[in-house]
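[1] Got a predicted structure plus its sequence, pasted below:
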Number of protein chains: 2
Amino acid sequence: MIVFVDMDEVMADTYTAHIERYNKKFGASLTKEECMGFEVWQKVPETRKDSIWEHYYEEGFFRSLAPIADSIEVLQELTKKHQVYVASAAMQFPNSLLEKHQWLDKHFPFIHWRNRILCGDKKILRGDILIDDRSHNLEHFKGRPLLFTSPHNIHTNHFERMNNWREIGDAFL
Amino acid sequence: MIVFVDMDEVMADTYTAHIERYNKKFGASLTKEECMGFEVWQKVPETRKDSIWEHYYEEGFFRSLAPIADSIEVLQELTKKHQVYVASAAMQFPNSLLEKHQWLDKHFPFIHWRNRILCGDKKILRGDILIDDRSHNLEHFKGRPLLFTSPHNIHTNHFERMNNWREIGDAFL
């Protein structure tokens, strides 16, 4: 099977880092629990909404992200059984292109460069499974779309859901 | 229609730049005409074969490439009629990721970041047409593969061929 795996909020904990950077910048104390069911920008004061994206363009942000729990272990096994491709919508943040590649080299060296895709729109992907936290990426996929649980999507209910990497391991290993 | 267009040797004249860099490095005078039907590395002395790829990893190489004749004009029209995606196997050269993005911003600003794909293996692309100079990229494509003429592929004869961008314009505009 050809399995596509999204990076941000599936392999890399972008959401937590986003909150941490926001708190540091504004001396705030927003928690992940408060954000459940929302995007981070929806939980910050109106005057800060425009500037909370700035760290997405800063050098080092994407390189510093922590891997999501169990993603390394499960993906390492998954790559032995399936054709696993990382598919990240990275084009919006050009500085992230090299950083994402380096981040994969560091945490997921077993995913070969041939199996890495940095794109804009994911509707051009041809394969069997797409694991992603964003509905708009899953909607046009012709295979089996799987919604990976992230704080912002806990109320989304029109996709088959994977709550964590252990569930993915149970389903496909 | 969804149309994928390769970058190197289809939009960007990598082949000529490759020869120029080789000549400069070794004080050689290899010409494109001598290389017809071959890869550049096949036309250089054995002792130089290993080092002629070095400039692919050097800062600025991909940013400096000249656009292929008529590619800008034809692609500008093509994007008005079709869903055009740039699909470049850039992962092998990590330094090229940002440079390729910037090169597109400079020469093809009308191709939105959503329509840019930097990948390793192109067999994961789902669409109608793939224009590429490499047989190995075209072989697994499920749509209509089109071989774009480049010095190295003039003897390849198992794909429908486009000799230049004017032919592509005639066929799809």
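    Thanks, I have the structure now. All values derive from a computational prediction rather than experimental measurement. Numbering: from 1, shown residues only, chains lettered A, B, ... in the order given.
[2] Show me which residues of chain A are close to chain B?
    Within reach of chain B by Cβ under 8 Å from any Cβ of the partner chain, chain A has these residues: A:2, A:4, A:85, A:91-92, A:94-95, A:97-98, A:101-102, A:112-121, A:123-127, A:142. From N, CA and C alone the C-beta is placed, and that goes for glycine too.
[3] filter those residues to the buried ones?
    A:2, A:4, A:85, A:91, A:94-95, A:97-98, A:101, A:113, A:115-121, A:123-127 (16 or more other Cβ atoms under 10 Å in any protein chain shown).
[4] hmm, back to that, among the residues of chain A next to chain B, which ones are in helices?
    Among those, the ones falling in helices (DSSP state H) are A:Leu97, A:Leu98, A:His101, A:Gln102.
[5] which one of the residues you listed is nearest chain B?
    Compare each of these with chain B using Cβ to the nearest Cβ and the shortest gap goes to A:Leu97, at 3.9 Å.
[6] And the closest residue to the closest one other than its chain neighbours, how close does it get to A:Ser88?
    Distance criterion Cβ to Cβ, 6 or more residues apart in numbering or on different chains; nearest residue to A:Leu97, sequence neighbours excluded, is B:Leu97 at 3.9 Å. B:Leu97 is 12 Å from A:Ser88, where distance means Cβ to Cβ, to the nearest Å.
[7] any common contacting residues for those two?
    A:Leu118 (Cβ atoms under 8 Å, 6 or more residues apart in numbering or on different chains).
[8] need the next SSE after the helix or strand hosting A:Leu130, C-terminal direction.
    A:Leu130 belongs to strand A:129-132 when elements are defined using DSSP states H and E. Going down the chain from strand A:129-132, the next helix or strand is helix A:135-138, by DSSP H and E.
[9] Name the residues of that next one that come out as buried.
    A:Asn137, A:Leu138.
[10] C-terminal to that helix, what's the next element?
    strand A:144-148.
[11] Run the chain-centre distance for that next one.
    Its chain's average C-alpha position is 12 Å from that of strand A:144-148, according to Cα atoms, centre = their mean, to the nearest Å.
[12] Tell me which other helices or strands that strand touches.
    Secondary-structure packing of strand A:144-148 (3 or more Cβ pairs under 8 Å, 6 or more residues apart in numbering or on different chains; DSSP states H and E): strand A:129-132, helix A:135-138, strand A:160-162.
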